[in-house]
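1. Would you be able to build a 3D model of this:
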Amino acid sequence: NAYTCRKNAYAKKSECDHTISAQKKAQEYYDIGNKYYRNGEHDRAITEYSKAIEINPRYADIYNSRGYAYYSKGEYDRAINDYNKAIELNPKHVLAYTNRGNVYWLKGDYDRAIEDHNTVIGINPKDDKGYTNRGIAYAKKGEYIKAISDFNKSIELNPKSDLGYYNRGCAYVDKGEYEQAISDYNRAIELNSKDADFFVDRGKVYYTKGNYDRAIGDYSNAIEINPKYAEAYNARATAYHSKNEFDHAIADYRKAKEINSKYTNTYFESFINVDEYCKQGNDYYDKGEYDKAIEYYSKAIELNPNFAQAYNNRGNAYYNKGECDRAISDYNRALEIDSRYIEAYNNRGNAYFKIGDYACAIEDYNKAVIINPNYTQARKNREIAYIRKRHHERLVFLTIILCSSIPPTIGLGVGLFFILRKKVKYCQR
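-> As a prediction, the model looks like this:
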């Protein structure tokens, strides 16, 4: 009997040792999977989690982690299957309910999401994240009053809940209460200044309110936090476009598409074509091929009739061809689009000067200098225009005096003779 008992004891010990060894091995695979997941290697993480499950199929946490890896890959149904298994093994697995609820609202099944978050709150009524997640589900359903109530409760339980303030801000945006939204985004950023989403969403509110500079500032902060954030580049491109800063807008959109090749914006795609046409037009202009330059500027205008720069550049080409009336028409259109386009004022002033309308030229140079007092070229052009205008007025005055003092039969001829002589002297001087 003693030998039998000892034999059984050794057998049980061996079995326990084997079990402990297996559990250790499963834990090793689990830890390796977590490491891969943190590095963003979701497929390798899933492989390691699956090895751990094969050794220990009753480990609920592994199913939850593998479900999260599937969720990160966008494989929501497989994620839900793993969360189901985790909950089956541990009916009070708060993380599994939370994660499954979040996947349900991503799939648009808001009622089942709310049901899961209700369970989380039932297990732990002091869990502020349970209220935050349920509030998100209510907001997705369009039930903003319930959503805000849940976010309020989340903030009450945890006054430092950045997500509580952020999500309540999002709900206020959906309700059109922008000042309340900005206030909540401000508080979320105070609590956590490293979340790029907070800056992007506050930037969108500023953009909606027409405050483009503050919107651009927020998008820039988001990009500083996450230089690979395509949405932030696209949003900033839109804000730059609204300010008529087209070069910046195109550069940002190109960056967004470089980060994510699937990222498309039909408007900016056409805008890039406009930019290319303008560049080709500039190349021809620099070579003195003004007709070809006009052709490409016209193509740019056809794609975007509100591109002030294309009108200004085409106006320059017409000016150099001596077609001042057409040049002035293009400068007029550029200034209708952008009333602070100082180069267009200066260029239109040059066109007026060329046709001898010095008063209009001076008026345009003045406008350019008022907008930018340091615009040296407009100041110099204005000085020259004043000199030419004074000489012109003096010539007209002398002509009138001469014509009135000389007999009518020869007055006109002599008057013209003196004008011609004065012009020659002026040119020589």
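
2. When you work out contacts or count neighbours from here on, use the C-alpha atoms and nothing else.
-> Noted.

3. in the protein, which ranges drop under the pLDDT threshold?
-> Judged by pLDDT under 70, the chain has its weakly predicted residues at 1-21, 264-271, 397, 400-429.

4. Disregarding residues adjacent in the polypeptide, which is nearest to Trp105?
-> Leaving aside its sequence neighbours, Trp105 sits nearest to Ala113 (C-alpha to C-alpha, 6 or more residues apart in numbering; 5.5 Å).

5. residues contacting the one you found?
-> By C-alpha atoms under 8 Å, 6 or more residues apart in numbering, the contact list for Ala113 reads 100-105, 134, 137.

6. try it again with 7 Å
-> 101-102, 104-105, 137 (C-alpha atoms under 7 Å, 6 or more residues apart in numbering).

7. Distance check, Asp195 against Arg202.
-> Using C-alpha to C-alpha, to the nearest Å, Asp195 is found at 12 Å from Arg202.

8. which stretches of the stretch 51-200 of the chain form helices?
-> Secondary structure of the stretch 51-200 of the chain (DSSP state H, counting those that start in this stretch): helices at 60-72, 76-89, 94-106, 110-123, 128-141, 144-157, 162-175, 178-191, 196-208.

9. which residue ranges form the strands in the stretch 201-350 of the chain?
-> With DSSP state E, counting those that start in this stretch as the definition, the stretch 201-350 of the chain shows no strands.

10. since we're on the nearest residue to Ala327 once chain neighbours are set aside, how many residues are nearby?
-> Once flanking residues are discounted, Ala327 sits nearest to Gly315: 4.0 Å by C-alpha to C-alpha, 6+ apart. Neighbour count for Gly315, taken as other C-alpha atoms under 10 Å: 30.

11. quick one on the thing from earlier: more neighbours, Asp195 and Arg202?
-> A side-by-side neighbour count of Asp195 and Arg202, using other C-alpha under 10 Å, places Arg202 first with 27 against 16.

12. Now do the contacts for that one.
-> 182, 185.

13. roughly how far apart are it and Ala60?
-> In this structure, Arg202 and Ala60 are 39 Å apart, going by C-alpha to C-alpha.

14. One more: Glu115?
-> For Glu115 relative to Ala60 (C-alpha to C-alpha), the value is 21 Å.

15. Between the two, tell me which one has more neighbours.
-> Ala60 (22 against 16).

16. from what I can see the residue nearest to Ala327 touches Asn332, true?
-> No. Counting by C-alpha atoms under 7 Å, Gly315 does not reach Asn332; the two are 9.4 Å apart.

17. neighbours around Asn374, how many?
-> The number of residues near Asn374, taken as other C-alpha under 10 Å, comes to 11.

18. sec struct for it, please.
-> At Asn374 the chain is in coil, as set by DSSP: H, G, I helix; E, B strand; the rest coil.

19. cool, and the one 5 residues further on?
-> Taken by three-state DSSP, the conformation at Arg379 corresponds to helix.

20. which residue packs closest to the residue positioned nearest the centre of the chain, ignoring adjacent ones?
-> What sits nearest the mean C-alpha location of the chain, by C-alpha atoms, centre = their mean, is Ala235, with 1.8 Å. Leaving aside its sequence neighbours, Ala235 sits nearest to Tyr219 (C-alpha to C-alpha, 6+ apart; 7.1 Å).

21. distance of that neighbour from Thr238?
-> Taking C-alpha to C-alpha as the measure, Tyr219 falls 11 Å from Thr238.

22. Who has more neighbours out of the two?
-> Tyr219 (30 against 23).

23. so how far is Asp213 from that one?
-> According to C-alpha to C-alpha, Tyr219 and Asp213 sit 10 Å apart.

24. Arg254 too?
-> From Arg254 to Asp213 the distance is 21 Å (C-alpha to C-alpha).

25. And the two? Which one has more around it.
-> More crowded of Arg254 and Asp213, by other C-alpha under 10 Å: Arg254, with 22 against 16.

26. Tell me the spacing between the more buried one and Ala385.
-> 43 Å.

27. now Asn152
-> 67 Å.

28. Repeat that for Asp201.
-> 51 Å.

29. With Ala293 instead?
-> On the measure of C-alpha to C-alpha, Ala293 and Ala385 end up 29 Å apart.

30. Leu335 too?
-> 21 Å.

31. More neighbours: those two, which one.
-> Between Leu335 and Ala385, counted using other C-alpha under 10 Å, the more crowded position is Ala385 (24 against 20).
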